[in-house]
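> Quick one, structure for this:
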Amino acid sequence: MESLGKKWRDNRSRMFVECYDDKQTWETNLQERPEGVPLDQWVSYLHYKLSDKGKSYSEKNTANRRKQKIPHTLGSKSIARKQYELESQTDRPYSRLEMYTIAHKKKDGSFVNEEARQQIEQLEMEVDNNASEEDAFITVIGKEHHGYVRGMGFGVCPSKVFKGYGSTSTNGSSAQVNKLQLELETERARVDTLVQEVERFKGLEEKLAFVMQQLAGQGFNRVTDSGSPNEPRPSSSASHNPGNNGPSS
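Numbers count the residues shown, from 1 in each chain. Alright, predicted model coming up:
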């Protein structure tokens, strides 16, 4: 399904390159739509390709393509198909490193370029020094990208390949596993610290609520001791009125 999706996307891009001419008018480009493509779909696709978003994706993909300095030599044939053919012919399994080497060699046995030769020699040296193929690839080339495993063809993702590669490695590298375990322990310790802080704040909140309740109770008592708020109080002027000190003589 992933292979079909890639072919579908590649075909759309190829149709745009072959059928759209930026020197022609909009109406002319609509008339030059590929055979079998409905007009409304062609219009929608052209709007997307000519939008800022479409141009941005196109420029990004072009830049990423230029970064690929070591192209493979299998053409349209996938590494998986080539591996199946070789294993059927020789009746033996082919390793990931062997397939990576084959995919970057020409028919005459020479490497596709000097960078490919140096890279594969470094990979072989790492394996000769008792490193696993997975560790060798990570050391020489770098960690695997999401949805792709070097030397195993399109559609193979690391989680599918490295899942059963031993109890000490989930991605083919014990160093990577140790790093992930260390990060996990660090996160667990951080979570435990946060939980302790939350509990401490809860305790402080309960103490604060208790103190506020006590203060409120004390304030209520002081008010009641000085008299009911509904009971009229004599004014200060009345308290100094001689007539209030008793009957006059």
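> check contacts around residue 20.
29, 32, 46, 49 (CB atoms under 8 Å, 6 or more residues apart in numbering). Bear in mind the C-beta positions are built from the backbone N, C-alpha and C, glycine included.
> same thing but at 6 Å, please
residue 29 (CB atoms under 6 Å, 6 or more residues apart in numbering).
> what residues go with each domain of this protein?
For the chain, automatic domain parsing gives the domain ranges 2-66, 79-156.
> and the end-to-end length of stretch 14-29?
End-to-end span of stretch 14-29 (CA to CA, to the nearest Å): 15 Å.
> which of the residues in that stretch are buried?
16, 19-20, 29 (16 or more other CB atoms under 10 Å).
> highest average neighbour count across the domains of the chain?
Across the domains of the chain, the average number of neighbours (mean count of other CB atoms under 10 Å) peaks for domain 79-156, which reaches a mean of 15.
> what's the span of it, first residue to last?
Termini of domain 79-156 sit 11 Å apart (CA to CA).
> The nearest residue to residue 45 once chain neighbours are set aside and residue 103: what is the separation?
Excluding the flanking residues, the one nearest residue 45 by CB to CB, 6 or more residues apart in numbering is residue 12, at 6.9 Å. Separation of residue 12 from residue 103 (CB to CB, to the nearest Å) stands at 26 Å.
> rewinding a little: out of the buried residues of stretch 14-29, the closest to residue 138 would be?
Nearest to residue 138, judged by CB to CB, of the buried residues of stretch 14-29 is residue 16 at 37.2 Å.
> any idea what sits nearest the closest one, other than its immediate chain neighbours?
residue 49 (5.5 Å).
> And the one you found, how close does it get to residue 42?
Distance, residue 49 to residue 42, by CB to CB: 11 Å.
> Packing partners of the helix or strand hosting the residue nearest to residue 45?
If you go by DSSP states H and E, residue 12 is part of helix 2-19. Helices and strands touching helix 2-19, as assessed by 3 or more CB pairs under 6 Å, 6 or more residues apart in numbering; DSSP states H and E, are absent.
> 10 Å - rerun?
helix 39-50, helix 52-66 (3 or more CB pairs under 10 Å, 6 or more residues apart in numbering; DSSP states H and E).
> can you tell me which of the ones you listed the model trusts least?
Among those, helix 52-66 carries the lowest mean pLDDT, at a mean of 85.
> distance between the helix or strand just after that helix and the chain's centre?
Next along the chain after helix 52-66, taking DSSP H and E as the criterion, comes helix 79-90. Between the centre of helix 79-90 and the centre of its chain there are 34 Å (CA atoms, centre = their mean, to the nearest Å).
> Dump the helices and strands packed on helix 2-19 to JSON lines, plus distance to residue 194.
Below are these laid out as JSON lines (distance: least, CB to CB, whole Å):
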{"stretch": "helix 39-50", "distance to residue 194": "45"}
{"stretch": "helix 52-66", "distance to residue 194": "38"}
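> Any idea which of these gets closest to residue 139?
Distance to residue 139, taken as CB to CB, is lowest for helix 52-66 among the helices and strands packed on helix 2-19, at 23.2 Å.
> Of the buried residues of stretch 14-29, which is the nearest to residue 112?
Out of the buried residues of stretch 14-29, the member with the shortest distance to residue 112 (by CB to CB) is residue 16, at 28.5 Å.
> Relative to residue 34, how far out is that closest one?
For residue 16, the distance to residue 34 equals 9 Å [CB to CB].
> between the two, what contacts are shared?
42, 45 (CB atoms under 10 Å, 6 or more residues apart in numbering).
> rewinding a little: between residue 49 and residue 42, which contacts overlap?
Going by CB under 10 Å, 6+ apart, residues that sit against residue 49 and also against residue 42 are 16, 20.
> Many thanks, have a good one.
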